[in-house]
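J.: Sharing a sequence plus its predicted fold:
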Amino acid sequence: MQVIDSDGYRPNVGIILTNLDGKLLWARRIRQNAWQFPQGGIRARETPEQAMFRELEEEIGLQPQHVDILGATRGWLRYRLPERFVRRNRKPVCIGQKQVWFMLRLVGEERFVRLDLGAKPEFDNWRWVDYWHPLKEVVPFKRNVYKKALNELAPLIFPDDRDMPHSVVR
């Protein structure tokens, strides 16, 4: 069941999965040339962490033992949907998403990443990318949320700022 808050935002989790080299898992939406991080809605009576583990398994096949939670954003990060995606005939109307973002580290083997385990697969391909790469490729209406999440969570994998890859898109 979808939950929409009084402002019209759907509670959601975003998942940034890193490997030991600081690269990020970047997934392509099925039958589209659109890449993004795994994400999904928080169900009624579900905590953000419970939703994150459910989405992690549904979308990329990973179990809790395959990852370490490095941290999460301190609060909700919001984005509005473009007007063409807002379904005004549904009540309540959802105008966007509010997300808690999790930074995870893959501790299991890459072979455990499986895009075909969910009842309705969302992705058909994935790859490891440089830390700031997603800002160049994500759909424009999500870019600011991605930028905020990546900036806030970067110290979890690059504790020494000198080790963090810098980019003009930051």
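T.: Perfect, thanks for sending it. Small disclaimer: the values here were computed from a predicted structure and weren't measured.

J.: Would you mind pointing out the helix or strand the closest residue in space to residue 21 that isn't next to it in sequence falls in?
T.: Take residue 21 and drop its neighbours on the chain: the residue closest to it by CB to CB, 6 or more residues apart in numbering is residue 128, 7.7 Å away. Quick note: C-beta positions are derived from backbone N, CA and C, even for glycine. Taking DSSP states H and E as the criterion, residue 128 maps to strand 123-129.

J.: Show me what whichever helix or strand comes after that strand is packed up against.
T.: Using DSSP H and E, the helix or strand that directly follows strand 123-129 along the chain is helix 134-137. Where contact means 3 or more CB pairs under 8 Å, 6 or more residues apart in numbering; DSSP states H and E, helix 134-137 is packed against strand 24-29, strand 35-36, helix 140-157.

J.: coming back round to it: what are the contacting residues of the strand holding residue 128?
T.: The contact list for strand 123-129 (CB atoms under 8 Å, 6 or more residues apart in numbering) reads 19, 21, 23-31, 38, 59-60, 113, 115.

J.: Next: stretch 72-89.
T.: 9, 11, 14, 48-49, 93-103, 141-142, 144-145, 148-149, 152-153.

J.: same thing with stretch 31-42?
T.: Here stretch 31-42 has contacts from 2-3, 10-17, 24-29, 48, 51, 54-56, 58-60, 97, 99, 122-124, 134, 137-139, 142, 146, using CB under 8 Å, 6+ apart.

J.: Buried residues, it. List them.
T.: By 16 or more other CB atoms under 10 Å, the buried positions in stretch 31-42 come out as 35-42.

J.: quick one, what contacts residue 112?
T.: 61-63, 66.

J.: Ok, residue 27 next?
T.: 35-38, 59-60, 115, 122-123, 125-126.

J.: Can you tell me which of these is nearest residue 71?
T.: residue 37 (15.2 Å; CB to CB).

J.: Would you quantify the distance from the closest one to residue 145?
T.: 10 Å (CB to CB, to the nearest Å).

J.: Now do the shared contacts for these two.
T.: What both residue 37 and residue 145 touch, as defined by CB under 8 Å, 6+ apart, is the set residue 14.

J.: what separates the nearest residue to residue 114 once chain neighbours are set aside from residue 17, distance-wise?
T.: Among residues not flanking residue 114 along the chain, residue 61 sits closest, at 3.1 Å (CB to CB, 6+ apart). Using CB to CB, residue 61 is found at 12 Å from residue 17.

J.: Great, nothing more from me.
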